[in-house]
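1. the amino acid sequence is not available; the structure is as follows:
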């Protein structure tokens, strides 16, 4: 859908705007919908740019006011209340032809104007096409200007490599683009299909065309044709009002399928896209399964170590085993997230919550330590999140081991701060303070050595541990998405 002013009212002008994107694609033109703003000024309220070629306007013009000096032919069509055509040169140097159609309200006033702007190069190419196709595109423009081309906003755009076929009112093929002809050749139709009825083809074209005519508006369907997957957009075309059709409108009868002038069939071969999507889905599923198995294996290892810990008689051995279990489970958390989510980014806040839950399970019943997580959702790449999980685990375990060795009550807070291009993590405990001679760089704690190595090495960040009025505060700051070459490998 082209850009549209949110203030665009419902009714005629919105119907015109809905038909603009497909009209821009098929006519290979840029479309502007304008509304009279003052006596001599117009405002752009909708814009559509073609997907089939480069646009004439790289800028968004919606909301811009234009005067006679800017667009003389549009103002002329406005005042004369009839279709006008003129040639002009854009600031870029491109020579374009403007077809301007006034949009008349029921009371005869000019509700808006539709400007269809086409480069001279595209016009010359258009003149080389079959006369029936050129006429269909001309009628399509008129339908759009009258608000009769009511298109669902979900209709996909028409691309440069899509094929076009035109069938007449009797559903005989009148025109095939070179791309459309090649697409039908892939299905085995090697002969000239022009003049053939759609029913001759062993495809779903005839059925879709009939449905679009009966619905009186464009339809889009994805259908498997042999080994190919085609996405078709079918656009019924009615000619401008004749005396007979105007009489039918006066007496209140709606247009039916009997006076349809033709139908444009737009064909996109999505076979390769769907194949790649299916392959990607298979790979994603396999990767998720691998992460699921790794998580299970790590949890099994942790369970075995728990059994070993229950048999340990030496307190140092018991501490070492429990620390190893916590480290293994912190890595298992990452693989669990990756097994449930195909994205390779992980919410660090969720990691903190999971580590809190695991810590509570291994705390001795006598300890009544309140663990909490504060801060916004922060997403990190999986490799960076793994290092971050290990750091969080070590800092929490360090707070429990040293801050509450002789205390049974207290609080440990984890506070996340998203700084845009960097992340700050604070682990704060109100346990025993650090000794006066504490030196982070020369600490004998294995856990803190792991923290320092991960933060400065893998995360390329900074870490400090200090006494503050809030308690003992561990602060980790690191840039988002930065890992060492070793970690990336």
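-> Here it is on my side, so go on. Since the model is a prediction, treat every value here as computed from it, not as a measurement.

2. so residue 276, which of the three states?
-> At residue 276, secondary structure determined by DSSP: H, G, I helix; E, B strand; the rest coil is helix.

3. meant to ask about residue 266
-> Reduced to three states with three-state DSSP, the structure at residue 266 is strand.

4. what about it, distance to residue 218?
-> With distances taken as Cβ to Cβ, to the nearest Å, residue 266 is found 9 Å from residue 218. For glycine as for every other residue, the C-beta is placed from the backbone atoms N, C-alpha and C.

5. and for those two, which residues touch both?
-> Common neighbours of residue 266 and residue 218, using Cβ atoms under 8 Å, 6 or more residues apart in numbering, are 233, 234, 235.

6. just send these back as a markdown table, with pLDDT and secondary structure too.
-> Formatted as a markdown table, the shared contacts of residue 266 and residue 218 follow (pLDDT from 0 to 100; DSSP: H, G, I helix; E, B strand; the rest coil):
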| residue | pLDDT | secondary structure |
| --- | --- | --- |
| 233 | 94 | strand |
| 234 | 94 | strand |
| 235 | 94 | strand |
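
7. can you show me the helices along the stretch 51-200 of the chain?
-> Counting by DSSP state H, counting those that start in this stretch, the stretch 51-200 of the chain forms helices over residues 72-80, 120-127, 131-145, 178-186, given from the N-terminal end onward.

8. mind putting those helices into JSON lines with mean pLDDT, distance to residue 28 and mean neighbour count?
-> Listed next are the helices of the stretch 51-200 of the chain as JSON lines, based on pLDDT from 0 to 100; distance: least, Cβ to Cβ, whole Å; neighbours: other Cβ atoms under 10 Å:
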{"stretch": "helix 72-80", "mean pLDDT": "91", "distance to residue 28": "20", "mean neighbour count": "18"}
{"stretch": "helix 120-127", "mean pLDDT": "90", "distance to residue 28": "5", "mean neighbour count": "13"}
{"stretch": "helix 131-145", "mean pLDDT": "93", "distance to residue 28": "9", "mean neighbour count": "19"}
{"stretch": "helix 178-186", "mean pLDDT": "92", "distance to residue 28": "14", "mean neighbour count": "16"}
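
9. want to throw those helices into JSON lines with distance to residue 374?
-> Listed next are the helices of the stretch 51-200 of the chain as JSON lines, based on distance: least, Cβ to Cβ, whole Å:
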{"stretch": "helix 72-80", "distance to residue 374": "57"}
{"stretch": "helix 120-127", "distance to residue 374": "58"}
{"stretch": "helix 131-145", "distance to residue 374": "54"}
{"stretch": "helix 178-186", "distance to residue 374": "58"}
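
10. who wins for proximity to residue 415 among those helices?
-> Proximity of the helices of the stretch 51-200 of the chain to residue 415 was assessed by Cβ to Cβ; the nearest stretch is helix 131-145, lying at 56.2 Å.

11. helices or strands next to that closest one in the packing?
-> helix 12-27, strand 95-104, strand 110-119, helix 120-127, strand 163-168, strand 173-176, strand 228-237, strand 262-269 (3 or more Cβ pairs under 8 Å, 6 or more residues apart in numbering; DSSP states H and E).

12. so can I have TSV of those showing distance to residue 321?
-> Listed next are these as TSV, based on distance: least, Cβ to Cβ, whole Å:
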stretch	distance to residue 321
helix 12-27	65
strand 95-104	77
strand 110-119	75
helix 120-127	75
strand 163-168	67
strand 173-176	75
strand 228-237	56
strand 262-269	60
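
13. and those: which comes nearest residue 361?
-> Closest of the helices and strands packed on helix 131-145 to residue 361 is strand 228-237, at 49.9 Å (criterion: Cβ to Cβ).

14. on contacts alone, who are the packing partners of the closest one?
-> Under the contact rule (3+ Cβ pairs under 8 Å, 6+ apart), strand 228-237 is packed against helix 12-27, helix 131-145, helix 205-215, strand 219-225, strand 262-269, helix 271-311.

15. which one of the ones you listed lies nearest to residue 112?
-> Smallest distance to residue 112 across the helices and strands packed on strand 228-237 (Cβ to Cβ): 5.2 Å, for helix 12-27.

16. what kind of secondary structure is the residue located most distally from the centre of the chain in?
-> Most distant from the centre of the chain: residue 313, at 57.5 Å, with distances by Cα atoms, centre = their mean. Recorded secondary structure, residue 313: coil (three-state DSSP).

17. for it, grab phi and psi.
-> Note on residue 313: its backbone torsions stand at phi -100, psi -20 [degrees, to the nearest 10].
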